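1. Here's my sequence, what's the structure:
(chains A and B)
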2 protein chains.
Amino acid sequence: MPLTIYNTLNRKKEIFEPLKAPHVGMYVCGPTVYGDAHLGHARPAITFDIVFRFLMHLGYKVRYVRNITDVGHLVNDADEGEDKIGKKARLEQLEPMEVVKYYTDRYHANMDQLNVLHPSIEPTASGHIIEQIEMVGKIIENGFAYQAEGSVYFDVEKYNKIHRYGKLSGRKIEELRENTRELAGQEQKRNSFDFALWKKADPAHLMHWPSPWSEGFPGWHMECSAMGAKYLGETFDIHGGGMDLLFPHHESEIAQANAANGHDAVKYWMHNNMITVDGQKMGKSLNNFITLNEFFSGKHEKLKRAYSPMTIRFFILQAHYRSTVDFSNDALQAAEKGMKKLFETVKLIGRLQAGGGSSIDVRPFEELCIQAMEDDFNTPIVIAHLFELSKIINQINDGKATLSADDLEFVKNLYQTWLNDLLGLRDEKDEDDSQVIESLMETILALRKEAKLNKDYATADRIRDALSKINIEIKDTRDGAEWVFK
Amino acid sequence: MPLTIYNTLNRKKEIFEPLKAPHVGMYVCGPTVYGDAHLGHARPAITFDIVFRFLMHLGYKVRYVRNITDVGHLVNDADEGEDKIGKKARLEQLEPMEVVKYYTDRYHANMDQLNVLHPSIEPTASGHIIEQIEMVGKIIENGFAYQAEGSVYFDVEKYNKIHRYGKLSGRKIEELRENTRELAGQEQKRNSFDFALWKKADPAHLMHWPSPWSEGFPGWHMECSAMGAKYLGETFDIHGGGMDLLFPHHESEIAQANAANGHDAVKYWMHNNMITVDGQKMGKSLNNFITLNEFFSGKHEKLKRAYSPMTIRFFILQAHYRSTVDFSNDALQAAEKGMKKLFETVKLIGRLQAGGGSSIDVRPFEELCIQAMEDDFNTPIVIAHLFELSKIINQINDGKATLSADDLEFVKNLYQTWLNDLLGLRDEKDEDDSQVIESLMETILALRKEAKLNKDYATADRIRDALSKINIEIKDTRDGAEWVFK
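-> All right, here's what the predicted structure looks like:
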């Protein structure tokens, strides 16, 4: 079975055929770095991490571009008003790029905690002003944009006469005309649904660059079009992002590509669904979000306790990426419990004795997992197969079934490949180690104390010697024994 | 005593007076990201991390800019030839920005391992092409640069008639005339010592942007001038870097600032000295370097074993930043041993009992440490004071001296401030924890086995219960007891 991908553009699953196999180009919209990443940022990152990992597993050479938006994204995702990062910088009395550096680093740290692989290239909007200006120039040249008082707007109506504006989102220009609010400062636009390609900076605006039209900054949608084209070419395979970006962001990207180059840039559009809290999208603009750091520390009123990065990852992977995921403490705790079971299985496999032969055929599981992933990256089915296999392992442990040495090795590798390498999960037990050591030493010192009370000095000495070998020194003081690493 | 800094520009220690206290602007030359970071990268990063930490400790609000060079740095630090990153990209069949992302991430990981604080802003050369073009334009306008076949060169001779080229390095233009080799492709220059501000890209060059002069790329020295000015202003306090950058890089930065703005940009120039191997500078171009990852793993023919990140950091801090440091296994092992002693002291303090009063005056140590740091960041003296204090702590432990509860608290805080916060060192013991746990569990299970053999079931059960509390489950099997985290 070949890999199939649900293409939002055509609203159906399609066989994946890269434009230039074995190379695959993938562009995913990254964060606007003006605040801590929340669960709504984790989902696209993990979704496309799975795509990245599986494509590489299939042997493709993937160039994965995920951008950092550090300029041009205005509050309310609008064409007027303050830059999200500029606003944060003003409030905190920082230079915008200090805000960018701070939140980019924190985003990276969170992504590492979630075991999200680094993309191949991570371009920034502010680092590609020239490329954006060039593309705006091309769109003007082709007649699909107009200037107004130093700003440049995309002429949606004119574009729509030749191409179709709305082909990704299904929106029609007539509806847009009725539904788009007339916002203050929009009088430069011919139509309210036109969008900015370049904005003249007002005096309060912190970030601006020279351009043929004004000292200003690029419109929000420009960066992805320009950077996608620069690093993946005028046409590439996959463009991903959250469903909330479908309109107007991705719709406008499609319009920009067609207006500049006369053809679509992207073959497969992929969108992950939203995370909801009480049925509402979790998001910074709705102010109902829980940051990843809050999940990891448990410090948020909606959280009953802390949840580890791998619990979050597993929780997200337990749903298909095109389904919504509703946040709840119960669901997270169930995810944690489920994941733990899988890692116990892995440990159990390491301790199992091979039988003379296999009483159960475990070989089909590999193919089953592959089939699930090839069916539009169906991670919940993969996880279900791993649980099924887990049951078999427990049966073997209970002596109710046997596996040959070869099959045992096969099963071990299968978990390594699927649980660790492809789902990107890892056992987190190690993290509380130093506390465990404290507790174990307490237990050992109590045993030694007892031995000494019983005048069993041989045992007491044996304990001291065993600890000495691992560089732990026991010191007897008036207040009892103490220990220290030598 | 006020903070004094050795200013390379004036060849003497000067009292540090920031231009706009309490704000301090500091710019440090970061890596060219075409290979793994080596000891020669660790030294400037750690040196200026110390400066950053101490300035903040003194109450300054520091904006610390450390750049990433991702374009424009040509092989042999010359004005002709391949771009270092472009060359790597060609050899590995990657897009240059893939090389940049890969090595930037690895550099960041190394810096985190070395406990180097993140700078406030980390701008890239490729992300500031516009700013560089603008500054080149100003230099041309002011008559200090000339165009030749699409490239722009700095006119050193003309500049030298008004300002003085060589005031940082002490080089004289007459010497330069004699000593600068006439390299191939230099015929566009009026004088061999002129340097490129903008280079026209030849067809093989992968990275290029439009400019008023040609499709090309900026000269190596431009980025620091342009980004320093953008983020710290036309004049700022501190510019740091390795001594190997003094000429031509920093000398040219000074010339560019004066040519563009009519005045110096930097008040204090700071340079860390080199790390030598058998008396030679350790560097990528000399091919005698050991990467940080090689140090951490011990995998290099010159290394007798692995050295931890903190050992490397301590090794570097044991020398004053303006002294050379000669690499050797013996020196690293001595550093490791010394640092271990200090962390043992910290642990010992935690266990000491306060006496009724203090028989030794420990309070002066704080002032002594401050004095050492205020004397041009003299970390070896700080470390010497900490060793001295360590001796006193041992005397107290041996019952030869006493400290009051207040003084004990003071000493504890002093180590926290100086060892952890200002020198940026941390105890690395925790890293082998999981192995320690394995060994402790072996010991405990042996004790339990023995208790059972002796029919001391109460003890055996007590062990089981104690372990159960920290989520360790014991399973008795035919082959003995096994344990697992629940």
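
2. Enumerate the residues of the stretch 101-250 of chain A near chain B.
-> Contact residues (C-beta under 8 Å from any C-beta of the partner chain) of the stretch 101-250 of chain A with chain B: A:101-102, A:105, A:108, A:118-124, A:126-130, A:134, A:209-210, A:231. All C-beta spots, glycine's among them, are computed from the backbone N, C-alpha and C.

3. If we use 6 Å, what do you get?
-> Selection of the stretch 101-250 of chain A residues close to chain B by C-beta under 6 Å from any C-beta of the partner chain yields A:101, A:105, A:118, A:120-122, A:127, A:129-130, A:209.

4. ok, and the most crowded of the residues you listed?
-> Counting by other C-beta atoms under 10 Å in any protein chain shown, residue A:129 has the largest number of neighbours within those, with 28 neighbours.

5. follow-up on the earlier one: widest-spaced pair of the residues of the stretch 101-250 of chain A next to chain B?
-> Within these, two members stand farthest from each other by C-beta to C-beta: A:118 and A:209, at 28.0 Å.

6. related to what we said a few turns ago, adding pLDDT and secondary structure, write the residues of the stretch 101-250 of chain A next to chain B out as TSV.
-> Converted to TSV, these look like this (pLDDT from 0 to 100; DSSP: H, G, I helix; E, B strand; the rest coil):
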residue	pLDDT	secondary structure
A:101	97	helix
A:105	97	helix
A:118	98	coil
A:120	98	coil
A:121	98	strand
A:122	98	coil
A:127	98	helix
A:129	98	helix
A:130	98	helix
A:209	97	strand
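
7. Out of these, flag the one nearest to chain B.
-> residue A:127 (2.9 Å; C-beta to the nearest C-beta).

8. Next, the contact list for the closest one, please.
-> Neighbouring residues of residue A:127 by C-beta atoms under 6 Å, 6 or more residues apart in numbering or on different chains: residue B:127.

9. For the strand or helix carrying residue A:382, name the packing helices and strands.
-> Assigned by DSSP states H and E, residue A:382 belongs to helix A:379-397. Applying 3 or more C-beta pairs under 6 Å, 6 or more residues apart in numbering or on different chains; DSSP states H and E, one finds that helix A:379-397 contacts helix A:329-351, helix A:364-374.

10. okay, the angle between the first one and helix A:379-397?
-> Orientation check (axes from the mean of the first three to the mean of the last three C-alpha atoms, to 10 degrees): helix A:329-351 against helix A:379-397 gives 50 degrees.

11. all helices for the stretch 101-250 of chain A, in order.
-> Applying DSSP state H, counting those that start in this stretch to the stretch 101-250 of chain A gives helices spanning A:129-141, A:156-162, A:173-179, A:222-232.

12. Least reliable of the ones you listed by average pLDDT, please.
-> Lowest mean pLDDT within those: helix A:173-179, at a mean of 84.

13. In the stretch 351-486 of chain A, which residue sits nearest chain B?
-> Chain B sits closest to residue A:433 of the stretch 351-486 of chain A, with a gap of 3.4 Å, by C-beta to the nearest C-beta.

14. Quick check: the gap between that residue and residue A:218.
-> Using C-beta to C-beta, to the nearest Å, residue A:433 is found at 48 Å from residue A:218.

15. Pick out whichever of those two has more residues nearby.
-> residue A:218 (27 against 17).

16. contacting residues around the residue nearest to that one when sequence neighbours are not counted?
-> Residue nearest to residue A:218 in three dimensions, not counting chain neighbours: residue A:132, with 4.3 Å by C-beta to C-beta, 6 or more residues apart in numbering or on different chains. Residue A:132 is in contact with A:218, A:222, A:226, counting by C-beta under 6 Å, 6+ apart.

17. mind running it again at 10 Å?
-> Residue A:132 sits next to A:72, A:125-126, A:197-198, A:209, A:211, A:217-219, A:221-227, A:230, A:256 when contact means C-beta atoms under 10 Å, 6 or more residues apart in numbering or on different chains.

18. likewise residue A:396?
-> By C-beta under 10 Å, 6+ apart, the contact set of residue A:396 is A:348-349, A:352-355, A:358-360, A:362, A:402-403, A:407-408, A:411.

19. now do residue A:461
-> Listed by C-beta under 10 Å, 6+ apart, the contact set of residue A:461 reads A:448, A:451-452.

20. ditto for residue A:250
-> By C-beta under 10 Å, 6+ apart, the contact set of residue A:250 is A:8-9, A:29, A:168-169, A:221, A:224, A:239-243, A:266, A:269, A:271.

21. Can you name the residues of the stretch 251-400 of chain A sitting close to chain B?
-> By C-beta under 10 Å from any C-beta of the partner chain, the part of the stretch 251-400 of chain A that sits against chain B consists of A:340, A:343-344, A:347-348, A:351, A:353.

22. Deepest in the core, which of the helices of the stretch 101-250 of chain A is it.
-> Comparing these by mean neighbour count (mean count of other C-beta atoms under 10 Å in any protein chain shown), helix A:222-232 ranks first with a mean of 25.

23. Let's see stretch A:436-447 as CSV, backbone CA atoms only.
-> The C-alpha trace of stretch A:436-447 is given here as CSV (Å, rounded to 0.1, in the frame of the first residue of the first chain):
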residue,chain,number,x,y,z
VAL,A,436,15.5,7.8,44.1
ILE,A,437,19.1,7.6,45.2
GLU,A,438,18.4,9.6,48.3
SER,A,439,15.6,7.2,49.2
LEU,A,440,17.6,4.1,48.4
MET,A,441,20.5,5.3,50.6
GLU,A,442,18.0,5.9,53.4
THR,A,443,16.9,2.4,53.2
ILE,A,444,20.4,1.0,53.0
LEU,A,445,21.7,3.1,55.9
ALA,A,446,18.7,1.9,58.0
LEU,A,447,19.6,-1.7,57.2
